[in-house]
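**Q** structure for the following, please:
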Amino acid sequence: MSAAEAAGRPQPLSAAEAKALFAGLACAPALVLAISGGPDSTALLLLAARWRAGRKRGPELLAVTIDHGLRAESAAEAKQVARLARRLGVAHRILRWSGKKPKTGLQEKARQARYGFLAEAAIEAGASHLLTAHTLDDQAETVLMRLLRGSGPAGLGGMAREVPLPTFLPLPLPSGERSTREARRVRGGRRYEAATGGAPSPQPSPPWGEGAGQCAGQMKIILLRPFLDVPKARLIATLRAAKIPFADDPSNADPRFTRVRLRALLPALAKEGLGAHRLALLARRLRRAEAALAVAVDKAAAELSPHPWSDTAAVELEARGFAALPAELGLRLLGRAVARVGNEGTVELAKLEALYADLTEKRPGRGRFRRTLAGAMVALTPDRLVVERAPVRRRASGALTTRRRDRHKGSKLR
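**A** Below is the predicted model:
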């Protein structure tokens, strides 16, 4: 044990630890690295570049920096990342989110824009994976935030190490060029700019394509968080040992944001035994339970459905069998059916629980039942629980919506 370890000081990641973080990616045609310039993502750029430099063959690397235009320093920070990427031999691209910014929900809208840009960059590069620098500390903060919001087991499971990349905003990007150029796209009333520069981007391979070894045939871009079990302090120690500078976003210390306030509480919680490692352990255990519950819901759906589920037909379930399910399985099966059929976005857990509570009070043989949730109509008869697309709510000038018209006529729909 070194003197630093004995003193409890964070240690840089060893070469063997760093190599293990990228295990399984050697067959990928290309990897996109999400690099903001902060300590976590700068460490991702450094370690990925070292890993790739130590291989004779392997994936092309493309570092992408999103300049949200929310701070005066962001453009300079993006250029600093470009200089570091050039020094490390990694292709780099700066993408700018321009135009009018929303006055509410700014962080969420910025996140959506960021993932939209990153998704398109990955598609254009022929990348199989997008790598982000979420750390053990980020996982702990996520679990605490979801605990405050009353999340169920799925939410408290935190972030997974690997998930299919969510594509929020499909924005075409310009092809890579050595000279910077601007491209503007208008989608949904919002304007975006994409700037490319620095080293040339890797030539697009056939997406997830030929010659990719074990990766051949993969049909989705994977969002990978290789640092999810790594404390932030160790990444900072790694950068300091390599004498690599990094930016410090002041919003990370702004108490107006919930995540920042929770971050300030973590040291006190750690003294009581609820540190980042313990919260991450809770998340892993809940994800394990979530996987088991998903299998049980699959089985229930197969046993209670008279025909296979499709994207166009209504979902039907045998009513008495549904009523006999344990509450958690019944709730999840109902939620899955509503999400499959509905067209109004995410099914909120609290609303789903309220619907399930109402539904279970109307046991088969105790009268008919009709409710709507998230664009789906849920109806219960003595024999069947049917979930189908809710009628369209028409909003013509001077006309009532379908829901209001039904209420006006004394319908029991509510």
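**Q** ranges for the helices of the protein?
**A** Assignment of helices within the chain using DSSP state H yields the ranges 3-6, 15-21, 39-53, 74-88, 106-125, 136-148, 153-156, 232-242, 258-271, 276-304, 319-323, 327-341, 349-361, 402-408.
**Q** where's the nearest residue to Gly89 once chain neighbours are set aside relative to Asp254, distance?
**A** Ranked by Cβ to Cβ, 6 or more residues apart in numbering and with sequence neighbours excluded, the top spatial neighbour of Gly89 is Ala49, at 6.5 Å. The way it works is simple: take the backbone N, C-alpha and C, and place the C-beta from them, glycine included. Counting by Cβ to Cβ, to the nearest Å, the gap between Ala49 and Asp254 amounts to 31 Å.
**Q** repeat for Gln80
**A** As defined by Cβ to Cβ, Gln80 lies at a distance of 21 Å from Asp254.
**Q** more neighbours: which of those two?
**A** Applying other Cβ atoms under 10 Å to Gln80 and Asp254 shows that Gln80 carries more neighbours, namely 17 against 11.
**Q** quick check: which of the helices of the chain is buried the most?
**A** Between the helices of the chain, helix 39-53 has the highest mean count of neighbours, a mean of 22, where neighbours are mean count of other Cβ atoms under 10 Å.
**Q** restrict that one to CA atoms and write it as PDB.
**A** What follows is helix 39-53 as a C-alpha-only set of coordinates in PDB (Å, rounded to 0.1, in the frame of the first residue of the first chain):
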ATOM      1  CA  PRO A  39     -13.200  16.500 -15.300                       C
ATOM      2  CA  ASP A  40     -15.300  13.300 -15.800                       C
ATOM      3  CA  SER A  41     -15.600  13.600 -19.600                       C
ATOM      4  CA  THR A  42     -12.000  14.900 -20.000                       C
ATOM      5  CA  ALA A  43     -10.900  11.700 -18.200                       C
ATOM      6  CA  LEU A  44     -13.000   9.700 -20.600                       C
ATOM      7  CA  LEU A  45     -11.200  11.300 -23.600                       C
ATOM      8  CA  LEU A  46      -7.800  10.700 -22.000                       C
ATOM      9  CA  LEU A  47      -8.400   7.100 -21.100                       C
ATOM     10  CA  ALA A  48     -10.100   6.200 -24.300                       C
ATOM     11  CA  ALA A  49      -7.300   7.700 -26.300                       C
ATOM     12  CA  ARG A  50      -4.700   5.800 -24.300                       C
ATOM     13  CA  TRP A  51      -6.600   2.500 -24.700                       C
ATOM     14  CA  ARG A  52      -6.900   3.000 -28.500                       C
ATOM     15  CA  ALA A  53      -3.300   4.000 -28.900                       C
END
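**Q** which strands and helices sit next to it?
**A** For helix 39-53, the helices and strands in contact under the criterion 3 or more Cβ pairs under 8 Å, 6 or more residues apart in numbering; DSSP states H and E are helix 15-21, strand 30-34, strand 60-67, helix 74-88, helix 232-242.
**Q** if we can go back for a sec, let me know which of the helices of the chain is the nearest to Arg225.
**A** Minimum separation from Arg225 across these (Cβ to Cβ) falls at helix 136-148, 8.5 Å.
**Q** name all residues that make contact with the residue nearest to Gly89.
**A** Applying Cβ atoms under 8 Å, 6 or more residues apart in numbering, one finds that Ala49 lies in contact with 61, 88-90.
**Q** are any of those residues buried, and which?
**A** Buried residues within the contacts of Ala49, defined by neighbour count using 16 or more other Cβ atoms under 10 Å: 61, 88, 90.
**Q** which one of the residues you listed is nearest to Ala324?
**A** Proximity of the buried ones among the contacts of Ala49 to Ala324 (Cβ to Cβ) peaks at Leu61, which lies at 53.7 Å.
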